[in-house]
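Visitor: build me a structure from this.
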Amino acid sequence: MNKKSKIDLNSIIGILLAFVAIVGGQILEGGHAGSLIQAAAFLIVMGGTIGAVLLQSPVKIFLNGIKMSRWVFFPPDYSPQSLIKQIINWSHIARKDGLLALESHVAVVKDPLTKKGLQLLADGSTAEKLREVLEIDITAIEEYQRQSARIWEAAGGYAPTIGILGAVLGLIHVMENLSDPELLGSGIAVAFVATIYGVGFANLICLPIANKLKSIINAQMIMQEVLVDGFVAIANGENPRFIENRLKGYYV
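Guide: Residues are numbered from 1 along each chain as shown. The predicted structure follows:
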């Protein structure tokens, strides 16, 4: 499978448009962009959200979720046409030279699932056993990736609440300094900006990233099902043209 990445312009345009609209609206209303920058509010929302997500997630899942976030801008390029073409090529080799001839292609392949499937074919595994083994791998990969993507969904749920918590802390600070007008402004600013950070972080970053990752994972799972179906068809000795027509049905 081809895994070269190309930049996703939709994601870049989307996030820039969202932030420009918010900051631009603030300026058009007579406010200042600098008033949206509050270190205390940022620390409360970001620190609290990350801490809550870490509390619910194993470190391995958390780190993989952070790593997967790059897919939003540089998604893996899984080309269905290239994959089907490769499967048909393997099918022709198997029919002409036998399944054992596929063993020479194992070392060339980088994708672990593809490598494993080719090796099972070369070893003469039955179609049923091949599907059973590869489906276990697919299920494990899917669950791991979905758990990793869910850290962003969780962050999107925690951030607004923690933003409200920051607002309450800011108001407490205001109440403690009612006798000192110079401190009232900063306390009120933290209160309102913390809410903005929480809601904005959830709805402009976390939840869109979570949904984008889910769509990418779904596309990957379809590709893997195509791969397994192709391997099973090769193991059954089916005609390459029939295999090609069936695999193309995944993308009607």
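
Visitor: tell me the pLDDT of the most centrally placed residue in the chain.
Guide: With distances taken as Cα atoms, centre = their mean, L213 lies nearest the centre of the chain, 2.6 Å away. L213 is assigned a pLDDT of 96 by the prediction.

Visitor: was I right about it contacting R70?
Guide: No. Applying Cβ atoms under 8 Å as the test, L213 and R70 come out as separate, 10.3 Å apart. Heads up, the C-betas are built off the backbone N, CA and C, glycines and all.

Visitor: before we move on, the earlier item: what separation do you get for the nearest residue to the residue nearest to the centre of the chain once chain neighbours are set aside and E225?
Guide: Leaving aside its sequence neighbours, L213 sits nearest to A149 (Cβ to Cβ, 6 or more residues apart in numbering; 3.9 Å). Counting by Cβ to Cβ, to the nearest Å, the gap from A149 to E225 is 19 Å.

Visitor: what's the neighbour count on E29?
Guide: Applying other Cβ atoms under 10 Å, we find 7 residues neighbouring E29.

Visitor: that one and V23: what is the separation?
Guide: 11 Å.

Visitor: contacts only, for I164.
Guide: Shown in contact with I164 (Cβ atoms under 8 Å, 6 or more residues apart in numbering): 194-195, 198.

Visitor: element containing it?
Guide: For I164, the host element (DSSP states H and E) is helix 127-176.

Visitor: and which of the contacts of I164 is nearest K96?
Guide: Using Cβ to Cβ, G198 is the member of the contacts of I164 that lies nearest K96, at 62.2 Å.

Visitor: would you agree that closest one is in contact with G156?
Guide: No. Contact criterion Cβ under 8 Å: G198 and G156 do not qualify, at 10.1 Å.

Visitor: compare these two (neighbour count), which wins?
Guide: G198 (26 against 22).

Visitor: in space, what's closest to that one - neighbours in sequence excluded?
Guide: Excluding the flanking residues, the one nearest G198 by Cβ to Cβ, 6+ apart is G163, at 1.7 Å.

Visitor: can you check K212 too?
Guide: Spatially, and ignoring its direct neighbours in sequence, K212 is nearest to V72 (5.0 Å; Cβ to Cβ, 6+ apart).

Visitor: can you tell me how far E225 sits from G14?
Guide: In terms of Cβ to Cβ, E225 sits 29 Å off from G14.

Visitor: what angle separates the host helix or strand of G47 from helix 127-176?
Guide: Assigned by DSSP H and E, G47 belongs to helix 39-56. Here the directions of helix 39-56 and helix 127-176 differ by 140 degrees (axes from the mean of the first three to the mean of the last three Cα atoms, to 10 degrees).
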